[in-house]
Structure formats: structure tokens, C-alpha cells
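[1] Requesting a structural model of the entry that follows:
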Amino acid sequence: KEITKNRMLTMMAKLLPVYLLFSSVGAFQPHVSHHRVGTRLHDKDSPVEEYRNAVTNVLSNFMNNDSAMRVGDDGETAADPLGSIDFDTPKLAKMPIDKLAAKVDRELYEKEWFVTGNVNPSFFSSDFEFQDPDVKLKGIEEYARGVFKLFDQETSRAEIISTDVVSPDTMTVTWRLSGKVNIGPGLNIKPYICYSDLKIDDMGLICFQEDRFDIPGWDILLSALFPFLIGKVTASPAPAVEPRVFGASTSEGFASPFDKLFAMFK
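    Down below sits the predicted model:
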């Protein structure tokens with residue numbers, strides 16, 4: 001019986017990546033830009049992303065494209081959840097990378113756009129590209145809509161730990177991911193640490209983002225399907241993130257010692 005149980009677990013572990021890929025690649029399907037609330041839009045056929053492994057590439061052919069608007073049971077068109085974002089907003093004026101990093105850090109901390117999709121398009125180049133171990137796509141609107149669709153908006157968190165300048169044209173955001181992904185009935189995410197490398201172009205805008213994780217993909221998958229393995233076969237959850245304090249008078253987004261002192265008495 002024990003051998004049979006082990007074989008079943010092994011088989012399920014092998015099938016899980018296929019199931020997850022089939023269910024999740026639709027989060028990054030093409031979306032038509034320049035949306036308008038209250039109108040119906042049709043997706044274009046030409047893809048804007050590249051799948052970085054063969055399985056994902058094949059399965060993407062079976063995914064349905066989402067329209068910009070959703071039609072409810074009553075036949076009414078629902079408002080665009082990201083309709084308040086002006087994806088054509090003017091771009092931010094060029095500034096030293098340390099000042100840009102401070103602005104990105106503070107706004108990311110407040111908006112958590114790595115899971116909410118609530119981006120500030122003024123930070124991003126029109127040629128922005130994103131990639132992680134599985135998918136590569138172009139366009140900040142495509143990215144925003146992809147993460148909004150993939151992550152459960154009631155439970156998912158992208159808790160920003162730090163934003164550090166690591167080279168003259170690159171900053172790295174360290175953050176803790178937790179919550180659920182919208183796959184099947186919903187899969188819990190064991191909290192783990194992500195590293196987002198943001199590359200800056202000659203205009204001082206974010207032109208490329210690459211995400212890395214502190215645990216391997218098989219660990220993430222096994223922990224989602226078999227939570228009883230967490231801390232035994234798979235790694236323990238990432239520790240909680242301590243709250244940070246941003247001073248209102250510090251335009252660069254970092255708190256002064258006085259801000260931290262005052263926060264103790266709130």
C-alpha cells in the first residue's frame with residue numbers, strides 16, 4: 001500500500017506542471033489596447049508574447065483569449081477592472097536611477113502591482129518587456145492585465161522588502177509573494193521570495209523586467225498541490241515581512257529616524 005501511495009504521489013507530481021501550465025497560460029493571452037469602459041472589444045489574433053518552454057507553447061494554442069470587457073449573467077457589460085489606469089499617460093522625466101528606484105519602491109509598496117496589475121505606466125517604456133522562467137511578453141498593459149487575471153485579488157500579496165540599485169542601469173526589487181492563483185477552484189501559494197530585476201533604458205524608463213524565485217519551480221508546484229509536504233519535502237514558507245514606514249516629507253520614499261519614532265506611537 002505504501003508503494004502504491006508513493007507511485008500515486010509521483011504521478012500526480014508529474015502531472016501537476018502540465019495542469020498548471022494548461023490552466024495559467026491564459027493569464028498572459030493577448031489583449032487589445034486603448035480600451036474604453038462600456039464598449040466591447042475583440043482580441044487580435046497576433047500574439048504579443050513568447051512561451052519559453054515547449055509545453056507552455058503547445059498548450060497556449062488551446063487557451064481562449066479574454067475580451068477587454070466581461071459580460072455578466074444579466075447580459076450587462078462589466079466595467080474594466082483596470083479602467084482607471086491611463087496606459088497612454090506621459091512618461092516620467094529622466095532622473096538619476098537612485099531617485100527612480102525610490103519612487104518605484106514607494107509606489108510598489110502601496111500598490112503591489114506585481115499581483116494587482118495597478119501599474120504606473122509613466123515609469124515604463126513603450127517597448128517594455130517582461131519574462132520569467134515560463135513566459136515572455138511585451139507591453140505594460142499586457143503585463144498588468146496578465147497578473148490581475150492570474151492572481152486572486154482578495155488574497156494575493158506582493159509585499160515589497162527592498163528596492164536596490166545593483167548597476168548603473170538596473171534595480172532589483174525583493175518581495176514576498178503569497179495568496180492564491182486563479183487556477184481551477186484556486187490554488188494556494190506557499191509564501192516565497194521573488195526578485196524582479198528592472199532594467200532602465202537611455203530615457204530613464206523601465207524597459208525590461210525579469211523575475212526570479214528563491215525556490216525551484218517543482219517546490220512551488222508540489223507545495224500548492226500537497227501542502228502537507230511544506231517544511232518536510234519542500235521548503236518552509238518565507239517569513240513574514242516587517243511593515244515599513246515612509247515619511248511624508250521624504251520625496252524619495254525613505255523614512256527618516258523621526259518618522260519611525262513617530263510611527264511607534266500611532
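[2] Now do the buried residues in stretch 189-199.
    189-194, 196, 198-199 (16 or more other Cβ atoms under 10 Å). (C-beta placed from N, C-alpha, C; glycine too.)
[3] out of these, which one sits closest to V104?
    L198 (7.2 Å; Cβ to Cβ).
[4] on that earlier part again, now the two most distant members of the buried residues of stretch 189-199.
    Among these, K190 and K199 lie farthest apart (Cβ to Cβ), at 28.7 Å.
[5] which regions of this structure sit below the pLDDT cut-off?
    Applying pLDDT under 70 to the chain flags the ranges 1-78, 248-266.
[6] show me where it has strands.
    Under the criterion DSSP state E, the chain carries strands at the ranges 49-51, 124-131, 135-138, 157-167, 170-181, 187-200, 206-213.
[7] just to revisit the earlier point, from the buried residues of stretch 189-199, pick the one nearest S223.
    K190 (4.0 Å).
[8] quick revisit: TSV for the buried residues of stretch 189-199, including distance to T174?
    Shown next, in TSV, are the buried residues of stretch 189-199 (distance: Cβ to Cβ, whole Å):
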residue	distance to T174
I189	17
K190	17
P191	13
Y192	12
I193	7
C194	8
S196	8
L198	12
K199	16
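[9] ok, so of the residues you listed, who is nearest I161?
    Checking the buried residues of stretch 189-199 against I161 with Cβ to Cβ, the nearest one is I193 at 7.7 Å.
[10] so what's that closest one bridging to?
    In this entry, I193 is beta-bridged to R176, by DSSP bridges.
[11] State the distance from it to S236.
    12 Å (Cβ to Cβ, to the nearest Å).
[12] N118 now?
    Using Cβ to Cβ, N118 is found at 30 Å from S236.
[13] Which one of those two is surrounded by more residues?
    Remark: of N118 and S236, N118 carries more neighbours, 20 against 13, as counted by other Cβ atoms under 10 Å.
[14] That one - nearest residue in space that isn't next to it in sequence?
    Leaving aside its chain neighbours, N118 sits nearest to K111 (4.5 Å; criterion: Cβ to Cβ, 6 or more residues apart in numbering).
[15] Can you report how many residues lie near the one you found?
    16.
[16] Also P216?
    12.
[17] same question, the one 10 residues further on
    Summarising burial for F226: neighbours were counted as other Cβ under 10 Å, giving 16.
[18] how far away is it from N188?
    From F226 over to N188 the distance is 11 Å, taken as Cβ to Cβ.
[19] Give me the buried positions along stretch 219-228.
    Residues 219-226 are the ones in stretch 219-228 that count as buried (16+ other Cβ under 10 Å).
[20] got the CA coordinates for that stretch in CSV?
    Coordinates of each C-alpha in stretch 219-228 appear next as CSV, following Å, rounded to 0.1, in the frame of the first residue of the first chain:
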residue,chain,number,x,y,z
ASP,A,219,8.9,23.2,-5.0
ILE,A,220,6.3,25.8,-5.8
LEU,A,221,4.1,23.2,-7.6
LEU,A,222,4.4,20.4,-5.0
SER,A,223,3.6,22.9,-2.2
ALA,A,224,0.5,24.0,-4.0
LEU,A,225,-0.9,20.5,-4.5
PHE,A,226,0.4,18.8,-1.5
PRO,A,227,0.6,21.4,1.3
PHE,A,228,1.4,18.6,3.9
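[21] L187 contacts F226, doesn't it?
    No. Shown here, L187 and F226 do not form a contact pair, counting by Cβ atoms under 8 Å, at 11.4 Å.
[22] Report the contact partners of the spatially closest residue to A93 that is not a sequence neighbour.
    Spatial nearest neighbour of A93, chain neighbours left out: G204 (7.4 Å); criterion: Cβ to Cβ, 6+ apart. Residues in contact with G204 (Cβ atoms under 8 Å, 6 or more residues apart in numbering) are 92-95, 97, 100.
[23] Format those residues as TSV; extra columns: neighbour count.
    Formatted as TSV, these follow (neighbours: other Cβ atoms under 10 Å):
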residue	neighbour count
L92	18
A93	8
K94	13
M95	12
I97	19
L100	22
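[24] Nice, that's everything, thank you.
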